[in-house]
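Participant: predicted coordinates and the sequence they were generated for:
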Amino acid sequence: MSALDAVTLAVLKGRLEQVADEMDATLYRSAFNPIIAEARDACHGLYHAETGATLVQGTKGLPIFVGAMSFAVQAVIRRVQAGAGLEPGDTFLFNDPYEGGTHLNDFRLVRPLFREGRLFCWLASVGHWLDIGGNVPGNYNPRATESHQEGVRIPPVKLIRAGVMQQDILDILAANSRVPQSNWGDLNGQLNALDLGERRLHALLDEHGEAKLHAAFDLLADRAAALMEAEIRTLPEGAHVFEDYLDNDGVTDERLTIALDMTVADGVLTLDFSRSSGACLGPINISEATTVAACYVALKHAFPDVPANAGVLRPTRFVIPDGSLLGARAPRPVAGYTETILRLIGVILGALGRAVPARATAAPFGTINALSLSGQRGDGTRWVMFSFFGGGLGGNPESDGLHHANNPISTATIPPAEILEAAYPVMFTQWALRPDSGGPGLHRGGVGAVYEIEALSPGVTEVALLGERGRYAPFGVNGGGDAALNRFAWQTDAGWESPPMASKVVGVKISAGQRVRLESPGGGGWGDPMQRPRELIARDIRLGHVSPAAAMRDYGYAP
Amino acid sequence: MIVGVDVGGTFTDLFLCDPGTQRFRTAKVPSNRGDEAVGFMNGLRALGGPAGFEAIVHGTTVGTNALLERKGAKLGVITTQGFRDVLEMRRRDRRHTWGLWGDFTPIADRDLRAEVAERTLADGTVRTTVDAAAVQAAARDLLARGAEACAIVFINSYANPANERAAAAAVRAMWPNPHVSVSSEILPEIREFERASTTALNAYLQPVVAGYLGKLEAALGDAGFGGRFHIVQSNGGIMSTATARGVPVRTALSGPAAGVIAAAAIARAAGFDNAITCDLGGTSFDVSLVTGGRMALAAQATIDFGIVIRSPMIEITTIGAGGGSIAHVDRGGLLQVGPESAGSRPGPVCYGQGGTRPTLTDANLVLGRINAERPIGGALSRLDTEGAKAAIAAHVGAPLGLDAMAAAEAIVRVANARMAGAIRLVSIERGHDPQRFAALPFGGGGALHVGALIKEVGLGAALVPRFPGVTSALGCVIADVRHDQVRTLNLSLDTLDTAALDARMVAEATAARAVVEAAGLPVSRIEIRFELDMHYAGQTHTVGVPLPLHVMGGTTGVSRAIILSAFEAAYAQAFSRLLPGLPVRIVTLRTAAIGVRPDFDLAALAPPAGATVEGAARGARQVWFDGAWHAATVWSRLDLPVGARIHGPAILEQPDATVVVDPGLVARVDGLGNLVIERE
């Protein structure tokens, strides 16, 4: 490793992050589907030429990809070594979740960056495409029992071969989606981002040279590892245990356990998930790559100052049983991976909170509530309104939890009701905060939301939901109480109905004038509710976040 | 005689010019935080006014401060049943990408947000008509709860404002003051959170800004001022005080906008069509882009988490790196400068006011770049170099294994890198070649760093105005009158009714022009600019598409072909790939009327004839560059004649700024008295 002074290093770090940030921004602005354009379900970065380790990642990309992308690049490296070969101008494309983590909708583009005929590093882009076949539009099929029902699976293939776009691959992709035009737009956006990243990185290399950049990559990883180790050393040595549950897998109505034995010893953090459930029939399995990525997200939230590169994982060890719920293999279905990683992240926050109660964070709402409404317009064309919804964050040492936030795995903004109403035959009758949904505490959990939607389409409107937290509430910490459960219901001619499997349902049909109602959980409470200042409880009642009855029950408060 | 008044946090700067004789004068008086009118009137008196002045143009931070400090009115909101929480739910974001702590308090409490039964659908159909009596009952309840201002925001009112207008009439008939803001009047654009936030912030500011303007107008009247009084808007244009009372939300960036206006004019006059303005303050570094002589406007700005204003504003990128930014070594061993700041109290270590942690200013002092005997601003008599050096050695040098000088240089380099990053954000990242741009520093501190920025970013040159400290006040005097309007259309280009669009454009232009004419300032002509927000069907983000059209003979001559070719040009500029064959949509029409003011000849600012290079020489002093002391020549900048060339290393001093010319660079005085710094 060549010596690089601290100042040049700081300069290069900023320049490199800017390259990745700019790639993110390019894709958000030119993407077609709102899950990338508005919800920013995408990520870009630079990866190590030999190991695929994350060198630099955008600061705005979807947090879960920050860890997962490295596995995607490793999958491409294996493919190259297995005979696919590599030359300048190649770009790989794939969505295989067992190789690259997450789920089938996430399409990864991986491109080598050559300098004078030698591979310098990899550039990669990932984005969530709207639909890639399978049984359910949008691919969140809560009843899938194997990957093939969820959508088309593409292994790492050369989409661009020495600069030449492979039209036959584009044709295969187009034939396997309900919305080929949207996917084509998103693919172009990702290519825009890679083109731009390549130009910027060449300019940086022209200016500073390969050796200096290599040295910077090594030093940045070393420093991330050192910072992470310093954080780990602030935790008390020994074992810290936490577990939490998923309602069910959407197919079999049995709870699933995520159990963590976290050990701190000599600056090394071991996360052992051996006591967790085995693989399930339904679509909430996750691959090992996804599990590691989710752990990374949890650690980054707990220690936000640690930089985003592979060095963070150096002082950590993982025990993930092969073939289990958290180490699933093909063709176990994985579309609902978000629910599992949200629970996993909560479990890590819970264990860290037990280790250092003063820095504990109560559970966030913990479900993405992937809700789809779909039908046919008067002219026979199909419409699919697909969105994720918000909830409350947990109370914490600094403040009450934030109301109506996005999930820890995401930085997504929600599409405005007016945009959804302009695009689809629906009308929101309520878009509101949900009283009494935040866990009571010295610092109260943030409240979730109520979304009530009326169907305007003259025909049938089909409804599907993949959610969680219908039976196991977001937990409080340090004596704080749990938040409210997730609730979903729809109107029928006979009155309101709810899903037998709590928050997972598919194939519901409503007609014009009938409504669906989603009530999301808040976050857990932090600290003893009895210690909450009386004037803050009175304020919560005045603002309607806590009802007088709940104030009496949870806080022992009477005006 | 026209006077520009810029009220800053510490000083109030004034610039007076006589358009007839092209003569000017400046004044600087202390500001009075909390009662800005005092400094304002003191400054006018210092210039011999205000009686006899024809016009006063004011860049104000009263609105900005009320937003940042949450000191607006107690606000009531009336909205559609089911939607009272829109302001508090935001767009479901959180404060930071990483870290889950922190909460949010909206500007209107939940019990002051009332709902009424009414509903308009996305296509404009009124599904439930609003009941005026119910609206008045809600308004009475808000008043009883202490509301001082009222915002009315109904869902889909951008598509049909009928219900909202009926509600507004009902409220205005009984509200005890004029502070009622209505979303379809403020921002008839789709997206309920952005429209609600902008409307609510407008109402929140109405009493504050109206009160401030009322106070100024009364004081001006008492002092015998009989001319016109105008306010600079965030969009870089000026508006009448009557307009400002109605849409105070357009003053959010009034102060900074004035500076950018002048910077753009100075750059143009000096022959630089492309410039990046840099304002280095105590805690932040603000940059803004000028291309082709024009300021870049952003469609919206986030003032703070959850506090969003959607209205055309000068695009200012701010990073937390200023003179007071604290340097420290983090636990990973990396040197950081900012965002934490020592502020003005205790301030940098060298101020001797109790600061113990080294700042960028301390580093500049230790390196000899700032003159310890002549602090800028005049509040301190001298600066403590040894104290600064000791703090740098302890907090930065020791952990990094560097001596104090190397550590001080490292602090400046890291700060330069962060400033360079901000410049890259607005230039390279948007596809602009930095070689074609000049950095234009204004305010006191920027000129210390421009040389490094030339090298770091690859800028073509730096242009230091002759009077950096009064740039904002100058901007007030030369700003155009401007009025922006926006309207959501949601049309498909394939099935476009061009006659209807043409009629809409003409109507928008007529209305915008009327506002500019009513401002009553002399203008040489009124320009109308049309821009469409467009995208391929299916995309949610849009690109701004300027239309090369003017209203002539009651028509704009708009056609589908003109729109399509303008769209493809704008799209290709923003992204590398066009998507031919996909349907194209028009989302929003933006119309701006610009009253172009008569030119002020900046040659009036040029150095007087008779100045000589010798007369400006002030000897030499030791300044640290690139790891060693160098003998840098020192000059009195304002005494240099036109055409003077000063080779780096050199320091140019003037009362309100210090200019550093790094080794390898040369500064020359141009015909207008600006310093142009370039590579040798």
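Facilitator: Sure thing, it's come through.

Participant: does stretch A:234-254 reach chain B?
Facilitator: No: judged by Cβ under 8 Å from any Cβ of the partner chain, stretch A:234-254 and chain B are separated, with a smallest distance of 10.2 Å. Every residue, glycine included, has its C-beta placed from N, CA and C.

Participant: okay, and for the stretch 351-500 of chain A, where does confidence drop off?
Facilitator: Applying pLDDT under 70 to the stretch 351-500 of chain A flags no residue at all.

Participant: show me what from it comes close to chain B.
Facilitator: So the stretch 351-500 of chain A meets chain B at A:361, A:364, A:389-390, A:393-394, A:396-406, A:408, A:411-419, A:421-422, A:427-433, A:446, A:449, A:452, A:456 (Cβ under 8 Å from any Cβ).

Participant: what residues does the stretch 551-680 of chain B put near chain A?
Facilitator: Within the stretch 551-680 of chain B, the positions near chain A by Cβ under 8 Å from any Cβ are B:A574, B:F575, B:S576, B:R577, B:L579, B:L582.

Participant: can you give me the pLDDT of the second one?
Facilitator: The one in question is B:F575. Note on B:F575: pLDDT of 76.

Participant: residues near the residue nearest to it when sequence neighbours are not counted, how many?
Facilitator: In space, and not counting its chain neighbours, B:F575 is closest to A:S30: 4.7 Å by Cβ to Cβ, 6 or more residues apart in numbering or on different chains. A:S30 has 28 neighbours, counted by other Cβ atoms under 10 Å in any protein chain shown.

Participant: got it, and A:P458?
Facilitator: 13.

Participant: next one: B:G49
Facilitator: Neighbours of B:G49 using other Cβ under 10 Å come to 21.

Participant: what's near enough to touch it?
Facilitator: B:M1, B:V3, B:L16, B:A223, B:F225 (Cβ atoms under 8 Å, 6 or more residues apart in numbering or on different chains).

Participant: now, which of these lie within strands?
Facilitator: B:V3, B:L16 (DSSP state E).

Participant: of the contacts of B:G49, just the buried ones, ChimeraX syntax please.
Facilitator: With 16 or more other Cβ atoms under 10 Å in any protein chain shown as the criterion, this ChimeraX line picks the buried residues out of the contacts of B:G49:
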select /B:1,3,16,225
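
Participant: would you turn the contacts of B:G49 into a markdown table with distance to B:V180?
Facilitator: Shown next, in a markdown table, are the contacts of B:G49 (distance: Cβ to Cβ, whole Å):
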| residue | distance to B:V180 |
| --- | --- |
| B:M1 | 37 |
| B:V3 | 33 |
| B:L16 | 37 |
| B:A223 | 32 |
| B:F225 | 30 |
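
Participant: nearest to B:F567 among the contacts of B:G49?
Facilitator: B:F567 has its nearest neighbour among the contacts of B:G49 in B:V3, at 43.7 Å by Cβ to Cβ.

Participant: for the closest one, give its distance to A:T102.
Facilitator: Look at B:V3 and A:T102: by Cβ to Cβ, to the nearest Å, they are 61 Å apart.

Participant: same deal with A:D21?
Facilitator: For A:D21 relative to A:T102 (Cβ to Cβ), the value is 21 Å.

Participant: have a look at those two and say which one is more surrounded.
Facilitator: Per other Cβ under 10 Å, whichever of A:D21 and A:T102 has more neighbours is A:T102, with 31 against 19.

Participant: so the more buried one: helix, strand or coil?
Facilitator: coil (DSSP: H, G, I helix; E, B strand; the rest coil).

Participant: list the contacts for A:P435?
Facilitator: Contacts of A:P435 by Cβ under 8 Å, 6+ apart are A:V447, A:G544, A:H545, A:V546, A:S547, A:A550.

Participant: correct me if wrong: the last one contacts A:G438.
Facilitator: No: between A:A550 and A:G438 there is no contact under Cβ atoms under 8 Å: 9.8 Å.

Participant: mind checking which of these two has more residues around it?
Facilitator: A:G438 (39 against 20).

Participant: is it true that that one lies in a strand?
Facilitator: No: A:G438: not assigned to a strand; according to three-state DSSP it is coil.

Participant: and residue 13, what pLDDT?
Facilitator: Chain wasn't specified; assuming chain A. For A:K13, pLDDT reads 82.

Participant: try again with chain B
Facilitator: Confidence score, pLDDT, at B:D13: 87.
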